[in-house]
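J.: Got a sequence here, can you build the structure:
(one chain, ligands or ions: 1)
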Amino acid sequence: MPIAIAAALLGSSAQATASNADDAKMNAFIDDLMQKMTVEERIGQLNLSVTGILTGTEANTDVTKKIAEGKVGGVLGLSGSEQVRIAQKIAVEQSRLKIPLIFGLDVIHGYKTTFPIPLALACSWDIPAIEEAARIAAREASRDGVCWTYSPMVDISHDARWGRVAEGAGEDPFLGSRIAEALVRGYQGDFSSDANIMACVKHFACYGAPEGGRDYHMADMSLWRMYNEYLPPYKAAVDAGAGSIMASFNGLNGIPSHGNRWLLTDLLRGQWGFNGFVVADYCGVREMVTHGLGDDQQVGIRAITAGLDMDMVSEVYLNTLKKSLDEGRISINDINKACRRILVAKYRLGLFDDPYRFCHSADEVSRELYSDANRAAARRIAGETLVLLKNEGNLLPLKREGKIALIGPLADTGANMPGTWSVATALNDCRTLRDGFEKALAGKATLLYAKGCNLYDDPQLEANGTVFGREMRDPRSAEELERKALKIAKKADVIVAALGEASEMSGESASRTRLELPESQRRLLTKLLALGKPVVMLNFSGRPVVLDWENRNVPAILQVWFAGTEAADAIPDVVFGDVVPSGKLTMSFPRNDGQVPICYNTYNTGRPNKKEGGYFDKFTTGYLDTSIYPLFPFGYGLSYTTFEYSPVKLSASSMNYDGTITASVTVTNTGNYDADEVVQMYIHDVYRSVLPPLKELKGFKRISLKKGESRKVEFTIDVELLKFYDAQLHHVAEPGEFEVMVGPNSTDLSIAKFTLNR
Ligand code: BGC
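T.: Sure, this is the predicted structure:
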């Protein structure tokens, strides 16, 4: 079977023949198996159960009993080679047909070695590095029993209030698609080795557009918008061969995704040719009852006939599908199709050959997990994800000298460093920023530390954003915390303020309506600035936040996200200049809460705002009280060096449908550091039959330039790149004029034009 998948990916004819033979063998095997299965056993395959830790081989829990009865197809949340072995042994020794289980876990940005949160990873714009992170995550997880990850999350979002933006790639469908493909490749490889695990693309669909930015809330949008802006990354992941896809919790245009036949069958399988399986999100099938679509039996019918193959945790399938079959309300074919897809996935993973394929010896596990090599990769990649937002007077990088005061509620908390969805991370062992600074300074400078304030003045707000023993509230009074901080700050030559969100203030179920720095932290920062010393702000967050005041008042701001298990080293690497920042934002940072949702690839109105800076101009589109532009735009990020761009040049002034045009710029490193730069190309279709976005990212290249070095960077434009979905949802390019823009971010661009001829 592995050859079949390789063949599909590589498309060579010799391999295609192998693939056909392999597919035939697999189909014969599954036909034979399914013939032996009772209806109940087939339904059992559609049931994904969740379990906590199993103790010993005698484990006798509700879930293990069901496994022995053939009522479970897969297990969620169990990891650890020995744990998985216990459950698998029950399946292959005690159940009648000995069908192995599939084991899924949220391996979202690493396993034990944890990489930066996905939004941060995206800001590296480093596709090979992102693929490498997924490959390492897969290798670690697959040593430890896990063969299926609920990643990548490819939900596009324009809404920083929605905390789950932490888990996605940001606002852009082109970049989001390249990242989706890289993650699928990284996890799955060609399935030829036991270090490859199955990906699960989520959350299908439009989970990133909930009304009001409130998690789980419905999305309502035109198909035209959906096809152009929200669907491309899901499709890219499907085209890259993702083995499974997860339905989204939200209602979309009036229908919960778990029961949306158009979405899960017509679009996904009919239009896109997806041939993996569809899994529910956690209890998503049963949640259709709460959505108001009927009782358990009705929503079960709704889901299975929509094309939802595996029921995660709710057991609606297990408890109602047989009854629905007996009453003639679903057909055996509905069950068979779903069952076959799940068996195919198990076959592809090699579980029928060896059910313990992913359960490795304690030695192998400890050799791979959190190995020096994996940690080195995580540290290197984390360094690429930090985004330098402001650096007045080249305050950064700091010198390793004198007295440095590290102050703030996030300076000395290890558990907050890796970020949300660090399921397998040893959070209590994570090193703090303070540890990292001490190590980086190695006695060359004196480090002073104080907490300075709690995360919030309001203990309830603080509790809402911190979970599972990550509570960090300091019982001392605000005055006392502040007094201590100011005392050490006065002694320091430079102040580094570690502020922002705790890790659980973003992620699932972590929507916020106020995106400014909490009042306790703003107060501390104001007092630190009043001392008149240089202040560097390290901003921790899992989403774009509002930094308008900080941008006006703090000389240097480094966006550090949640950078994984190696954050304690990766942040000082950048602060002290061992690594030059190169990250660029993949979501716009708004000026205030009211600008959200906001994105760069928006549309013109009939009354464009032409005022300098996008401020109020009567009878043009805009706001009375602020600019239409974000504070920090998509693609933005500074370096310690400077880059100069030549004006963009095109190889021709017109192009036919079967032709290409090359856009080129010369980029020169004009500063004092060797550094990386992300060169970005945007295209604007000047006239269209439907609204053209003002600009759309259509190419990017990450390059390394030594100081003084110049490089010509080229982008090839072909007709595929110019296509969009028209009002009839046809994927077309229309003839006419196009503007090509190249530069270091979505705002500072030079422009050249060409015409597309029919
Ligand atoms: C999340 C999914 C996740 C699943 C399993 C849900 O709450 O929405 O993204 O994969 O839980 O843990």
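
J.: CA only for contacts and neighbour counts going forward, please
T.: Fine.

J.: Which parts of the stretch 451-600 of the chain are helices?
T.: Counting by DSSP state H, counting those that start in this stretch, one finds helices in the stretch 451-600 of the chain at the ranges 459-464, 478-491, 519-530, 548-553, 567-575.

J.: okay, those in TSV with mean neighbour count, distance to Arg302 and mean pLDDT next?
T.: Output for those, formatted as TSV (neighbours: other C-alpha atoms under 10 Å; distance: least, C-alpha to C-alpha, whole Å; pLDDT from 0 to 100):
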stretch	mean neighbour count	distance to Arg302	mean pLDDT
helix 459-464	14	35	91
helix 478-491	17	54	98
helix 519-530	18	47	98
helix 548-553	14	47	98
helix 567-575	25	45	98
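
J.: looking at these, which is closest to Leu343?
T.: helix 567-575 (40.0 Å; C-alpha to C-alpha).

J.: Taking the stretch 151-300 of the chain, what residue is nearest to the ligand?
T.: Per C-alpha to the nearest ligand atom, Tyr282 is where the stretch 151-300 of the chain lies closest to the ligand, at 4.9 Å.

J.: Which residue comes closest to that residue once chain neighbours are left out?
T.: In space, not counting the residues next to it along the chain, Tyr282 is nearest to Met312; the distance is 5.2 Å by C-alpha to C-alpha, 6 or more residues apart in numbering.

J.: Ok, Arg688 next?
T.: Glu734 (6.7 Å).

J.: Identify the residues contacting the one you found.
T.: Residues in contact with Glu734, defined by C-alpha atoms under 8 Å, 6 or more residues apart in numbering, are 688, 723, 756.

J.: Local confidence estimate at the residue sitting nearest the centre point of the chain?
T.: Compute the mean C-alpha point of the chain, and by C-alpha atoms, centre = their mean the closest residue is Gly168, 2.7 Å away. Gly168 is assigned 98 on the pLDDT scale.

J.: go on, Thr446?
T.: Thr446 is given a pLDDT of 98.

J.: residues near it, how many?
T.: Neighbour count of Thr446, defined by other C-alpha atoms under 10 Å: 17.

J.: Would you confirm that it contacts Gly402?
T.: Yes - using C-alpha atoms under 8 Å, Thr446 makes contact with Gly402 at a distance of 6.2 Å.

J.: picking up where we left off before, just the buried ones from the contacts of Glu734?
T.: The neighbour count (16 or more other C-alpha atoms under 10 Å) marks Leu756 as buried among these.

J.: about what we covered before: mind listing what the residue nearest to Tyr282 touches?
T.: Met312 touches 47-49, 279-285, counting by C-alpha under 8 Å, 6+ apart.

J.: How about Glu462?
T.: Contact analysis of Glu462 by C-alpha under 8 Å, 6+ apart lists 455-456, 473.

J.: Take those residues and write them to JSON lines, including pLDDT and neighbour count.
T.: As requested, these are arranged in JSON lines below (pLDDT from 0 to 100; neighbours: other C-alpha atoms under 10 Å):
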{"residue": "Leu455", "pLDDT": "95", "neighbour count": "28"}
{"residue": "Tyr456", "pLDDT": "95", "neighbour count": "21"}
{"residue": "Arg473", "pLDDT": "92", "neighbour count": "16"}
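
J.: quick one: low-confidence parts of the chain?
T.: Within the chain, the ranges that satisfy pLDDT under 70 run 1-18, 56-59, 467-471.

J.: rerun that using 80 as the cut-off
T.: Applying pLDDT under 80 to the chain flags residues 1-19, 55-60, 467-471.

J.: Show me which residues of the protein sit near the ligand.
T.: Within reach of the ligand by C-alpha under 6 Å from any ligand atom, the chain has these residues: 106, 150, 281-282.

J.: any idea which of these has the most stuff around it?
T.: In terms of neighbours by other C-alpha under 10 Å, these top out with Asp281 at 24 neighbours.

J.: Regarding that residue, which helix or strand does it belong to?
T.: Under the criterion DSSP states H and E, no helix or strand holds Asp281.

J.: Quick one: residues contacting it.
T.: Counting by C-alpha under 8 Å, 6+ apart, Asp281 has contacts 246-249, 311-312.

J.: Kindly recompute the last result at 10 Å.
T.: By C-alpha atoms under 10 Å, 6 or more residues apart in numbering, the contact set of Asp281 is 150, 202-204, 245-249, 257-258, 287, 310-314.

J.: what bridges to the residue nearest to Tyr282?
T.: Leu48 (DSSP bridges).

J.: quick one: it and Gly74, what's the gap?
T.: 9 Å (C-alpha to C-alpha, to the nearest Å).

J.: which residues are in contact with both of these two?
T.: In contact with both Met312 and Gly74: 46-50, using C-alpha under 10 Å, 6+ apart.

J.: returning to that earlier point: what residues do Thr446 and Gly402 have in common as contacts?
T.: The contact sets of Thr446 and Gly402 overlap at Ala492 (C-alpha under 10 Å, 6+ apart).

J.: Asp295 - nearest residue in space that isn't next to it in sequence?
T.: In space, and not counting its chain neighbours, Asp295 is closest to Val289: 5.5 Å by C-alpha to C-alpha, 6+ apart.

J.: That neighbour: which element?
T.: helix 287-291.

J.: Beyond that helix, next helix or strand please.
T.: Taking DSSP H and E, what comes next after helix 287-291 is helix 296-306.

J.: Distance from the chain centre to stretch 295-310, please.
T.: 28 Å (C-alpha atoms, centre = their mean, to the nearest Å).

J.: The nearest residue to Ile304 once chain neighbours are set aside and the ligand: what is the separation?
T.: Nearest non-adjacent residue to Ile304, counting by C-alpha to C-alpha, 6+ apart: Asp334, 6.5 Å away. Noted for Asp334: a distance of 24 Å to the ligand, by C-alpha to the nearest ligand atom, to the nearest Å.

J.: and Asp334, how many neighbours does it have?
T.: Asp334 has 18 neighbours, counted by other C-alpha under 10 Å.

J.: got it, and the one 10 residues further on?
T.: The number of residues packed near Val344 is 21, by other C-alpha under 10 Å.

J.: try Gln728
T.: Other residues near Gln728 come to 8 when the count uses other C-alpha under 10 Å.

J.: check contacts around it.
T.: By C-alpha under 10 Å, 6+ apart, the contact list for Gln728 reads 223-224.

J.: do Val732 as well
T.: Val732 makes contacts with 719-720, 722-726, as judged by C-alpha under 10 Å, 6+ apart.

J.: Secondary structure of Ala245: a helix, I assume?
T.: I think there's a mix-up here, since residue 245 is Ile and not Ala. No - membership of Ile245 in a helix is not supported by DSSP: H, G, I helix; E, B strand; the rest coil, which gives strand.

J.: just to revisit the earlier point, the residue nearest to the centre of the chain contacts Leu175, correct?
T.: No - the pair Gly168 and Leu175 does not pass the contact test of C-alpha atoms under 10 Å, sitting 11.2 Å apart.

J.: Report the set of residues contacting both of those two.
T.: Common contacts of Gly168 and Leu175 (C-alpha under 10 Å, 6+ apart): 122, 586.

J.: Whichever of the contacts of Val732 end up buried, select them in ChimeraX.
T.: Per 16+ other C-alpha under 10 Å, the buried members of those correspond to this ChimeraX selection:
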select :719,722,724,725,726
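
J.: Nothing else from me, thank you.
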